[in-house]
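# Need a 3D model of the sequence below.
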Amino acid sequence: DYCDPTQRSTTIARDILKTLKSEHDALRKLFKDMEDTTDRARKTRAEILADIEAGLIPHAKWEELVFYPAFQERADRDGLKTHAEAVQEHRAVELAVLPDLKTKPTDSVEFAGSAKVLGEFVDHHAGEEEKTMFKMARKLFSAEELAAFDEDYEQWKTTPEAGREMANALKQPSPVAVGQ
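Got it, this is the predicted structure:
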């Protein structure tokens, strides 16, 4: 059964779980870059925060709108608990941690501390998804379904809906910072 290497397909199968994991890794790197900055790096911190939001918001919104509901439909009790935890972690970041960070001057120790907390939240959430939810999803969805999710996600990121989700998240009112 000789297989001519020139006849082999060089395309790698698409997989939404690999795409989401890759995005988690990119966010982890951005948070590491943020942690390596000093309080004098006002512009750099602002740029890194913009990059974090550009990576985090579309990722989170698509999970909330598409992946999580599909997962929820097929999950057993343990899966439903995992789903509920993931939704609450998204809410904590979107409604409290990220908006609070955006109230801090980028050249302050308060910004550095809040950015570290956001990074820890995101890292914890991503780790839980990768170890638990993605493992469950591999059993709940076929390879073809995971590939279709990946294609849909890539296309969704360029839609007006994705643009609206990003704009809404960026203009979300921030709470008054604690102690202010």
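# ok, now how distant is K157 from S22?
Distance, K157 to S22, using Cβ to Cβ, to the nearest Å: 14 Å. In this view, the C-beta of every residue, glycine as well, is placed from N, C-alpha and C.
# typo on my end, it should be G113
Distance from G113 to S22, by Cβ to Cβ: 28 Å.
# what distance separates the helix or strand harbouring L20 from the middle of the whole chain?
L20 belongs to helix 16-35 when assigned by DSSP states H and E. Offset of helix 16-35 from its chain centre (Cα atoms, centre = their mean, to the nearest Å): 8 Å.
# who does that helix touch, helix- and strand-wise?
Contact analysis of helix 16-35 by 3 or more Cβ pairs under 8 Å, 6 or more residues apart in numbering; DSSP states H and E lists helix 42-62, helix 109-128, helix 134-140, helix 143-156 as its packing neighbours.
# Give me the contacts around it.
If you take Cβ atoms under 8 Å, 6 or more residues apart in numbering as the criterion, helix 16-35 is touched by 45, 48-49, 51-52, 55-56, 59, 63, 67, 112, 115-116, 118-119, 122-123, 126, 129-130, 134, 137-138, 146-147, 149-150, 153-154.
# Would you mind checking the residues you listed for buried ones?
45, 48-49, 51-52, 55-56, 59, 63, 67, 112, 115, 118-119, 122, 126, 129, 134, 137, 146, 149-150, 153 (16 or more other Cβ atoms under 10 Å).
# Give the buried residues for the helix holding L20.
For helix 16-35, burial by neighbour count (16+ other Cβ under 10 Å) applies to I16, L17, T19, L20, E23, H24, L27, L30, F31, M34.
# measure the third one to D123 for me?
It refers to T19. 18 Å.
# same check, this time on the fifth one
For E23, the distance to D123 under the criterion Cβ to Cβ works out to 13 Å.
# go on, the first one?
Distance, I16 to D123, by Cβ to Cβ: 20 Å.
# Check the last one too.
According to Cβ to Cβ, M34 and D123 sit 12 Å apart.
# Could you do Q72 as well?
From Q72 to D123 the distance is 24 Å (Cβ to Cβ).
# Just give the nearest non-adjacent residue to V117, would you?
V97 (6.2 Å; Cβ to Cβ, 6 or more residues apart in numbering).
# helix, strand or coil for the one you found?
Three-state call for V97 (DSSP: H, G, I helix; E, B strand; the rest coil): helix.
# So for it, what's the pLDDT?
For V97, the pLDDT comes out at 92.
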